[in-house]
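>>> Okay, here's the prediction I keep looking at, along with the sequence it came from:
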Amino acid sequence: MNNSTFTMIKPDATSKGYTGAILDMMVKAGFSIKAMKWIKLSAAQAGEFYAVHKERPFYGELVEFMSSGPIVAAILEKENAVADFRTLIGATNPANAEEGTIRKAYAASIGENAVHGSDSDENAQIEGSFFFSGLERF
Ligand code: GDP
């Protein structure tokens with residue numbers, strides 16, 4: 001169960017041309033790609049994905065941002081994937097992100113922070129299934 005996680009490269013990063021560099025950091029950190037797609041979410045789809053944050057003051061901004069342009073969605077595999085990937089992406093606010101993390105290198109702000117990474121094994125499963133069917137995983 002704990003060998004896969006779900007990620008998105010967010011619209012700020014795809015629009016700035018960081019997609020390739022961010023994928024390279026993931027692969028070099030030992031993650032392998034189980035599923036991947038280039039897709040643009042509708043506001044309704046972004047709202048559903050982030051429904052857990054519905055009561056937070058930034059929910060509207062988050063939904064608008066996540067549906068503003070294309071993203072890369074992917075399922076990644078590695079031992080201890082969820083925790084190791086959270087370490088690789090760094091703190092939610094890039095101002096607090098460690099050197100060598102994806103958000104330190106590529107995130108602009110706490111809202112537009114370049115990448116998503118699941119926060120638990122359970123959410124990794126739920127989020128991966130939001131985007132991918134069994135036929136799309138290899
Ligand atoms: P994560 O697990 O590190 O992505 O952080 P959270 O689960 O706390 O928040 C989910 C996402 O909501 C973050 O990655 C940001 O894109 C966004 N977010 C979190 N806090 C804020 C905030 O204070 N303002 C805005 N605009 N967006 C936020």
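Right, received. Where do you want to start? Numbering: from 1, shown residues only.
>>> all strands for this structure, in order.
4-9, 32-39, 71-77, 115-117 (DSSP state E).
>>> ok, which residues in the protein are in contact with the ligand?
Within reach of the ligand by CB under 6 Å from any ligand atom, the chain has these residues: 58, 61-62, 92, 110-111, 113, 116, 119. C-betas here are computed from N, CA, C, even on glycine.
>>> Considering these, which possesses the most neighbours?
Highest neighbour count within the residues of the chain next to the ligand, by other CB atoms under 10 Å: Asn113, with 23 neighbours.
>>> For Ile75, see how far away it is.
20 Å (CB to CB, to the nearest Å).
>>> give the contact list for the closest residue to the ligand within the chain.
Residue nearest to the ligand within the chain: Gly111 (2.9 Å; CB to the nearest ligand atom). Gly111 is in contact with 58, 61-62, 65, counting by CB atoms under 8 Å, 6 or more residues apart in numbering.
>>> pLDDT value on Met1, please?
On pLDDT, Met1 comes in at 53.
>>> okay, the strands of the chain, which one's buried deepest?
Comparing those on average neighbours per residue, with mean count of other CB atoms under 10 Å, the densest one is strand 4-9 at a mean of 26.
>>> Now do the contacts for Ile75.
4-7, 33-36, 124, 128, 132, 137.
>>> One more: Met26?
7, 76, 85, 88, 102.
>>> Just the C-alphas of stretch 99-116, formatted as CSV.
The C-alpha atoms that make up stretch 99-116 are tabulated as CSV, following Å, rounded to 0.1, in the frame of the first residue of the first chain:
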residue,chain,number,x,y,z
GLU,A,99,16.9,23.8,-0.4
GLY,A,100,16.8,21.0,-3.0
THR,A,101,13.0,20.6,-2.9
ILE,A,102,10.8,21.1,-5.9
ARG,A,103,8.8,23.9,-4.3
LYS,A,104,12.0,25.7,-3.3
ALA,A,105,13.1,25.6,-6.9
TYR,A,106,9.9,26.2,-8.7
ALA,A,107,7.0,27.5,-6.5
ALA,A,108,6.0,31.1,-6.5
SER,A,109,3.7,31.3,-3.4
ILE,A,110,1.7,29.3,-0.9
GLY,A,111,-1.2,29.1,-3.4
GLU,A,112,0.7,28.7,-6.6
ASN,A,113,3.2,26.1,-5.3
ALA,A,114,4.1,24.1,-8.4
VAL,A,115,3.2,20.6,-7.3
HIS,A,116,0.7,18.5,-5.3
